[in-house]
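Visitor: the following block contains a protein sequence and its predicted model.
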Amino acid sequence: SSDGFAFVAYYESPATGDYKIRLSKCTNASCSTATSTVNVVATSTAINQFAVSVGTDGFPVIAYTTTGSILRMVKCATKDCGGSVTDSYITNTAASYLAITVGTNTLPVIAYSNSSNSFLDVVKCGNTSCSSGNTITANVNGSVTTTSRKSVVIGTDARPIIAYMNSGNLYTLKCGNDSCSSGNTNTNITTAYSTDSNPISIMNNSDGFPIIAFRNASGYLTVNKCTVATCASSNTTTIVDASAGFNGTSITLPSDGNPVIAYQGASTGQQRVLKCGNAACTTSNVVTVLETNTSGAGYSSSVTISSDGKPLIVHRDVNNFIKAIKCGGSNCTSQAAAAATLVTTATSTNNFTAYGSVASAIGSDGYPIIAFKDTSMKFTKCSSYDCSSVSTTTIMTSGLTYLNDVSMAVGTDTLPVITYGTYDGVSTFSLSMIKCGNTSCTSGNTVTANINGGTNVNGGKKFVIVPADNKPFVLWQDNGGSIWFTK
């Protein structure tokens, strides 16, 4: 990002409540500390896929699809996405398997499979937030179908090049212009080389021509070095790690011009990194195992170069912990420090246990407040707009087994009001409320159970607002589907 430090975006699918794309911004080169995680996207409809890049302003852009494969894009206004974001609808043409990059003209480019016909489509955004003037070009690759993961980069000629798979074959699509609307060159790089489901990664090499890391048919990490901008001829393909069973790949280019690739050795649960011995990765490559975990390490690997020139690898383990590993040198044969855990979903607020939920609002001081349930009912008060400094208070420790669907508002007296549903585990659902005793909910709280007089509350959403009379107004649904309100 703009400060040279990495950010990590990830998807969270709770047992109940909104689906989220969340972002943590590292505050140093090793990612051992980070700002509080923010929800960049929170939606009641399932998020199917997303892809991330960085704008020319150094701020994140995130393309994602929701239920129905509706394609949207978020443009952050700060490096940590802690301020306002612009969330723009792009198209409902059944988008899947996304890839995103940003052109030298500051405009994002999104490549995706059109699920209705499996062809490759491209969006050229009309502005930096993709909110208007977009150009959507269908079937850019001449009817070669693709229902696989993709990777896109902007060439030195300012035109996109897309790597994708079709029936186990590696292809590249070199666009003839910046919107891929004409003059495109589609090239079959290899045949019968990989399964379509595995990630591939493309970038510009030091000579300005693409280099692609992918998995071959034997499960080996393989690199294809293009020698022309279209990758249409004289490619060099090299198996760089013949340890079968690798999953995923991410490639980046340090200042010496020799690529670094992060990937998972799936058969042994290893996070590996490969430092190429030359620009084409044809000789003197060095493979280093950074982390081994019998329960799995190295899922969803991503590598970038930190501000000090040393690689930083972020990955997810089988427990859904998100970790960062800072290399001790440019070849990554050693670590600067033990892996830093950025997100621990088994013990943190990101663990939405059965019937859990979360709600947020803006406090009377203009800073966010958050009420949520993990192993207890908690309240977080932010002391800055981006929640980089927070204080968290436990406000309930009992009656939580079936607590669900938290909603929150702030009264005219500046005090938060939190509503939620409960279930007795047998047959009765009810609506309850907490009135905080101060703005941080640290003392003097009042808990009132069954405020709706015994009518069974559906397990779905509840909404609370506080009108000018400072008396909460709660909208909710009963088990028969009728909509009620409680004043």
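Guide: Sure, I can see it.
Visitor: any regions of the stretch 101-250 of the chain where pLDDT drops low?
Guide: Low-confidence regions of the stretch 101-250 of the chain, defined here as pLDDT under 70, cover residues 143, 145, 147-148, 191-198, 244-248.
Visitor: tell me where the stretch 351-487 of the chain has strands.
Guide: Secondary structure of the stretch 351-487 of the chain, counting by DSSP state E, counting those that start in this stretch: strands at 358-362, 368-373, 377-382, 390-396, 404-410, 416-423, 429-435, 446-448, 463-465, 473-477, 483-486.
Visitor: dump these into a markdown table; add mean pLDDT and mean neighbour count as well.
Guide: Using the backbone N, CA and C atoms, a C-beta is placed for each residue, glycine as well. Conversion of those to a markdown table gives the following (pLDDT from 0 to 100; neighbours: other CB atoms under 10 Å):
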| stretch | mean pLDDT | mean neighbour count |
| --- | --- | --- |
| strand 358-362 | 68 | 19 |
| strand 368-373 | 72 | 23 |
| strand 377-382 | 76 | 22 |
| strand 390-396 | 70 | 15 |
| strand 404-410 | 76 | 22 |
| strand 416-423 | 78 | 24 |
| strand 429-435 | 79 | 20 |
| strand 446-448 | 85 | 12 |
| strand 463-465 | 71 | 17 |
| strand 473-477 | 70 | 18 |
| strand 483-486 | 68 | 13 |
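Visitor: format these as CSV; extra columns: distance to residue 161.
Guide: Written out in CSV, the entries for the strands of the stretch 351-487 of the chain read as follows (distance: least, CB to CB, whole Å):
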stretch, distance to residue 161
strand 358-362, 40
strand 368-373, 40
strand 377-382, 42
strand 390-396, 42
strand 404-410, 46
strand 416-423, 50
strand 429-435, 54
strand 446-448, 59
strand 463-465, 47
strand 473-477, 50
strand 483-486, 52
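Visitor: now residue 181: how far from residue 115?
Guide: Computed with CB to CB, to the nearest Å, the distance linking residue 181 and residue 115 is 21 Å.
Visitor: and residue 19, by the same measure?
Guide: For residue 19, the distance to residue 115 under the criterion CB to CB works out to 19 Å.
Visitor: where does the stretch 251-400 of the chain dip in pLDDT?
Guide: For the stretch 251-400 of the chain (pLDDT under 70), the answer is 266-268, 293-300, 318-320, 322, 336-360, 372-376, 384-390, 392, 396-400.
Visitor: one more time with 90
Guide: For the stretch 251-400 of the chain, applying pLDDT under 90 flags the ranges 251-255, 262-272, 287-400.
Visitor: what helix or strand does the nearest residue to residue 189 once chain neighbours are set aside sit in?
Guide: Distances taken as CB to CB, 6 or more residues apart in numbering put residue 170 closest to residue 189, at 4.3 Å, once the chain neighbours are dropped. Counting by DSSP states H and E, the secondary-structure element that holds residue 170 is strand 169-174.
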